[in-house]
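*Asks:* with the sequence up front, the predicted model follows.
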2 protein chains.
Amino acid sequence: MKLPKTPARGTRDILPEEAKLRDEMMAIIMDTYRSYGFDRIETPAIEHLELLCQGEGGDNEKLVFKILKRGDKLKLDADNISPDDLVDMGLRYDLTVPLARYYSGHQNELPKVFKAIQTGPVWRAERPQKGRFRQFHQCDIDIIGEKSILAEIELLKASTEALEKMGFDNIQVRVNDRAILNHIAESAGVSSEQKSALFISLDKLDKLGEDGVKKDLITQGFSEETVSKVFDLISDENKDQIINDNVTKVLEALTELPGNMNVSFDPTLVRGMGYYTGPIFEFLIPDVGYALGGGGRYDEMIGKISGQSVAACGVSLGFERLVTLKLENLSENKSSAKTALITNLETDSLIDVLKLQNSLQTEKKTPISLFTRPKKLGKLLSDLQNHGFTGYVVFGENDNEIKEFS
Amino acid sequence: MKLPKTPARGTRDILPEEAKLRDEMMAIIMDTYRSYGFDRIETPAIEHLELLCQGEGGDNEKLVFKILKRGDKLKLDADNISPDDLVDMGLRYDLTVPLARYYSGHQNELPKVFKAIQTGPVWRAERPQKGRFRQFHQCDIDIIGEKSILAEIELLKASTEALEKMGFDNIQVRVNDRAILNHIAESAGVSSEQKSALFISLDKLDKLGEDGVKKDLITQGFSEETVSKVFDLISDENKDQIINDNVTKVLEALTELPGNMNVSFDPTLVRGMGYYTGPIFEFLIPDVGYALGGGGRYDEMIGKISGQSVAACGVSLGFERLVTLKLENLSENKSSAKTALITNLETDSLIDVLKLQNSLQTEKKTPISLFTRPKKLGKLLSDLQNHGFTGYVVFGENDNEIKEFS
């Protein structure tokens, strides 16, 4: 039997160089979030199917990887088997739905205002395509129990600071509010049933342009009058008319901070997920055609599980996108020191070799790694140099001094 | 519809206090392993079923969570459906099988001697019971491509150092060699087919005692002569006769290092997994009834996938067990500084509040987290104190100095 060497379809392996970068980036994110008092939590990758498919996840609910029942529970002899009879759990497609369950179950063990970090893999059974994978890492912070705009501001401050510390410059923050979107729809005479169609179309302004979206709306049956009213309301001249108090406060607070953050009101920002109820936001950098992260307020979602309404607001960084951007711009010469200690097991005193390893690790504060001396030393040395080693010691030679690769 | 608040059966949520401890412990492990030149890699949680069920995983292969096929690939209308027709992937049950696939697929991109760290969740569909979960974290290091005992020594040195740095004292390392086990079996006249039965029985010496194991072997059809020969060979007087060169070298090297590690030869150590081919080892501490980790050499496993035989040796730390031990011995008073900055949004200048947060974060190098001032300040303060905060500032009061909770 020939066994597979490639990862399962739509998933990927991560090589050492990328793993190192991921660890460095994740450490910056975690340190920044912790400096704002956020605490990390963990939920399992496997969740109840009824939780994953409750209706809050939009299209993601169609993309759940489902787990086959086991043992006696799996019944294949019935006449009419439906796929739902065969499965009892699924892999989480995001970290927000599990967070809502977690908070509902542990409310009494958590502070009234709870600031959570959650980071880990999520899975979606999408058709594999370039740059889109079926397992990817999410990185979320959420504030639960804070009704005021203080939550939005702290989330945006912490997450843009993390982006800056990772070396992303010129971050633009776009802010909108579901309340403003509703106001636009209502002022233009759009019925409640038609609202989401309007918002979904508006969300495509980046791609389709104004004319494209107008055409799209007309095709969907919106009247010319409604469409022109909508575009009148979101025009630059009228932005001051439709902006609300919450968005104004966010803009003021963040703009005046050191760093002069580029924060702006964008009445066309929609953000797909159905569960947002208030302010929503997105991070962009110039010349990159996709958002680096985003989030918003979702005051009704947790109540659906816990039975008690509770305020909630969150930001998710697009970790895979950030890593991809960094990898593209990674300079070659930034590898940190790493030394090979090469020993001839036949002739060297192994104990002395190990003691030298210890003392070099302590003195140099860099990795020192053991290798046996092969017949062709040069071959080993060039292999080491090709794989991130910056120098070597051949035990007993050169006074055991580190020789740097040139 | 009532949605579940508890995690799926056999899985668990991790609360902030434990997550913090896990992060601290993992950071020590990673720093130690990196100081020996190990590089982290990642493999996906989802793997090909044919890889997971190839025969190398022993009983774990029966415990794979299998993923239902999707869309057109799922065919339920056939006459004889078997469970295997319904699934196309599974969740990994360990990190070694995925590592073997990873190395086989990326060999040309990796150094000849490759030192890998892999850490992440694995899943096993075991019957849930106290302390045993269906998702748990593994933490492995492996050296691939090093035939000599240098691999075993560096793995043991790095992993016992990590255990010590996490605060585990009196670590005992038990070492054996599959070659010694084979020698015992052959010298006692045990046939190749009976070998595993002998080894599995020997592995129970801890639990059953000498008399129990003897009885167990006789019941299984081993002759009294064979059993007495086996126990003669593994008796303390004869240990020197059966120990081999590899084990001797490991004991010498590690015993003479600073730290005076407690390393001993244990001819009864077996370690379940079928794939070991050479030295095997296990970490224990007194008064704890289970191993904290272990590993060994498995020179044949990767070749089954890559087609090319390659030496390999690994150590796995029982991360969940280590966390459990630490949690049981956690002293109450070790929470690090964390300050709440409390603001009245109606009256305070939000910008000044944010600037104070910034400057306190920088000056004090501790987390500073924003909270709105409620009507009952005392209630907020006691909630904060109950959840790990060590002090607070009410903006504009007490010269904005931090007031420590007493």
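*Replies:* All right, it came through fine.
*Asks:* residues in contact with the longest helix seen in chain A?
*Replies:* Criterion DSSP state H: the longest helix present in chain A is helix A:16-35. Contact with helix A:16-35 is made by A:14, A:40, A:117, A:119, A:137, A:139, A:141, A:158, A:161-162, A:165-166, A:317, A:319, A:322-323, A:326-327, A:330, A:387-388, B:23, B:30, B:39-42, B:110, B:116, B:361, B:366-368, as judged by Cβ atoms under 8 Å, 6 or more residues apart in numbering or on different chains. All C-beta spots, glycine's among them, are computed from the backbone N, C-alpha and C.
*Asks:* sheet partners, orientation included, of the helix or strand that it is followed by?
*Replies:* The helix or strand immediately downstream of helix A:16-35 is strand A:39-40, counting by DSSP states H and E. Paired neighbours of strand A:39-40 in the sheet (DSSP bridges): strand A:114-123 (parallel).
*Asks:* quick one: average pLDDT of the partner strand?
*Replies:* Mean pLDDT, computed over strand A:114-123, is 98.
*Asks:* re earlier: so which of the contacts of helix A:16-35 are in helices?
*Replies:* A:158, A:161-162, A:165, A:319, A:322-323, A:326-327, B:23, B:30, B:361.
*Asks:* among those, the buried ones, what's the PyMOL command?
*Replies:* Burial among the ones in helices among the contacts of helix A:16-35 is assessed by 16 or more other Cβ atoms under 10 Å in any protein chain shown; the matching PyMOL selection reads:
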select buried, (chain A and resi 158+161+162+319+322+323+326) or (chain B and resi 30+361)
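*Asks:* next one: the residue of the stretch 301-406 of chain A found nearest chain B from B:Ile149, what distance?
*Replies:* Residue nearest to chain B within the stretch 301-406 of chain A (Cβ to the nearest Cβ): A:Ser369, separated by 2.6 Å. Per Cβ to Cβ, to the nearest Å, A:Ser369 is found 16 Å from B:Ile149.
*Asks:* pLDDT score for A:Glu328?
*Replies:* pLDDT at A:Glu328 comes out at 88.
*Asks:* what of A:Met273?
*Replies:* Residue-level pLDDT assigned to A:Met273 equals 66.
*Asks:* and A:Lys334, by the same measure?
*Replies:* Value for A:Lys334, per-residue pLDDT: 62.
*Asks:* which residues does A:Glu404 contact?
*Replies:* By Cβ under 8 Å, 6+ apart, A:Glu404 lies in contact with A:390-391.
*Asks:* got the phi/psi numbers for it?
*Replies:* phi -80, psi 140 (degrees, to the nearest 10).
*Asks:* show me where pLDDT drops low in the stretch 251-400 of chain A?
*Replies:* A:258-260, A:273, A:331-334 (pLDDT under 70).
*Asks:* sorry, back to before: now the phi/psi pair for the closest residue to the residue of the stretch 301-406 of chain A closest to chain B other than its chain neighbours, please.
*Replies:* Nearest non-adjacent residue to A:Ser369, counting by Cβ to Cβ, 6 or more residues apart in numbering or on different chains: B:Gly37, 2.6 Å away. In this entry, B:Gly37 is assigned phi and psi values of phi 80, psi 10 (degrees, to the nearest 10).
*Asks:* quick one: neighbours of the residue of the stretch 301-406 of chain A closest to chain B, just the number.
*Replies:* 25 (other Cβ atoms under 10 Å in any protein chain shown).
*Asks:* check contacts around the residue nearest to A:Cys53 when sequence neighbours are not counted.
*Replies:* Nearest-residue entry for A:Cys53: A:Glu61, 4.9 Å, with adjacent residues in sequence omitted and distances by Cβ to Cβ, 6+ apart. Neighbouring residues of A:Glu61 by Cβ under 8 Å, 6+ apart: A:52-53, A:55, A:93.
*Asks:* number of residues surrounding A:Ser264?
*Replies:* Neighbour tally, A:Ser264, other Cβ under 10 Å: 15.
*Asks:* so it sits in a strand?
*Replies:* Yes. In this structure, A:Ser264 lies within a strand as judged by DSSP: H, G, I helix; E, B strand; the rest coil.
*Asks:* what residues are up against A:Thr366?
*Replies:* With Cβ under 8 Å, 6+ apart, A:Thr366 has these contacts: A:336-339, B:35.
*Asks:* before we move on, what about A:Arg134?
*Replies:* A:9-11, A:65, A:123-126, A:128, B:46.
*Asks:* repeat that for A:Val64.
*Replies:* Here A:Val64 is in contact with A:49, A:52-53, A:90-91, A:93, A:123-125 (Cβ under 8 Å, 6+ apart).
*Asks:* still on that earlier bit, give the ChimeraX command for selecting the buried subset of the contacts of A:Thr366.
*Replies:* Buried members of the contacts of A:Thr366, defined by 16+ other Cβ under 10 Å, are picked up in ChimeraX with:
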select /A:338,339 /B:35
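*Asks:* can you give me the helices in the stretch 201-350 of chain A?
*Replies:* With DSSP state H, counting those that start in this stretch as the criterion, the stretch 201-350 of chain A has helices at A:205-219, A:224-233, A:239-242, A:245-255, A:301-306, A:319-328, A:350-364.
*Asks:* so the second one versus helix A:205-219, what angle?
*Replies:* Which is helix A:224-233. Calculated by axes from the mean of the first three to the mean of the last three Cα atoms, to 10 degrees, helix A:224-233 forms an angle of 160 degrees with helix A:205-219.
*Asks:* now do helix A:224-233: which elements does it pack against?
*Replies:* Under the contact criterion of 3 or more Cβ pairs under 8 Å, 6 or more residues apart in numbering or on different chains; DSSP states H and E, helix A:224-233 touches helix A:178-187, helix A:205-219.
*Asks:* so of those helices, which one's packed in deepest?
*Replies:* Among the helices and strands packed on helix A:224-233, ranked by average contacts under mean count of other Cβ atoms under 10 Å in any protein chain shown, first place goes to helix A:178-187 (a mean of 18).
*Asks:* so what touches that one?
*Replies:* In contact with helix A:178-187 (Cβ under 8 Å, 6+ apart) are residues A:194-195, A:198-199, A:202, A:229-230, A:233-234, A:242-244, A:246-247, A:267, A:270, A:276-280, A:296-297.
*Asks:* of those, just the buried ones, PyMOL syntax please.
*Replies:* Typed into PyMOL, the next command selects the buried ones out of the contacts of helix A:178-187 (criterion: 16+ other Cβ under 10 Å):
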select buried, chain A and resi 194+198+199+202+229+230+233+234+242+243+246+247+267+270+276+277+278+279+280+296+297
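*Asks:* now, the contacts of helix A:178-187 that are in strands?
*Replies:* If you go by DSSP state E, these have A:279-280, A:296-297 in strands.
*Asks:* how many neighbouring residues does A:Ile351 have?
*Replies:* 14.
*Asks:* for the one 5 residues further on, same thing?
*Replies:* Using other Cβ under 10 Å as the criterion, A:Leu356 is surrounded by 19 other residues.
*Asks:* A:Leu341 is in contact with that one, correct?
*Replies:* Yes. The pair A:Leu356 / A:Leu341 is scored as a contact, 6.6 Å apart, by Cβ atoms under 8 Å.
*Asks:* list residues touching both of these two?
*Replies:* Common neighbours of A:Leu356 and A:Leu341 (Cβ under 8 Å, 6+ apart) are A:393, A:395.
*Asks:* dump the residue contacts of the closest residue to A:Tyr298 other than its chain neighbours.
*Replies:* Once flanking residues are discounted, A:Tyr298 sits nearest to A:Tyr275: 4.5 Å by Cβ to Cβ, 6+ apart. Taking Cβ under 8 Å, 6+ apart as the contact definition, A:Tyr275 lies against A:56, A:96, A:298, A:300-301.
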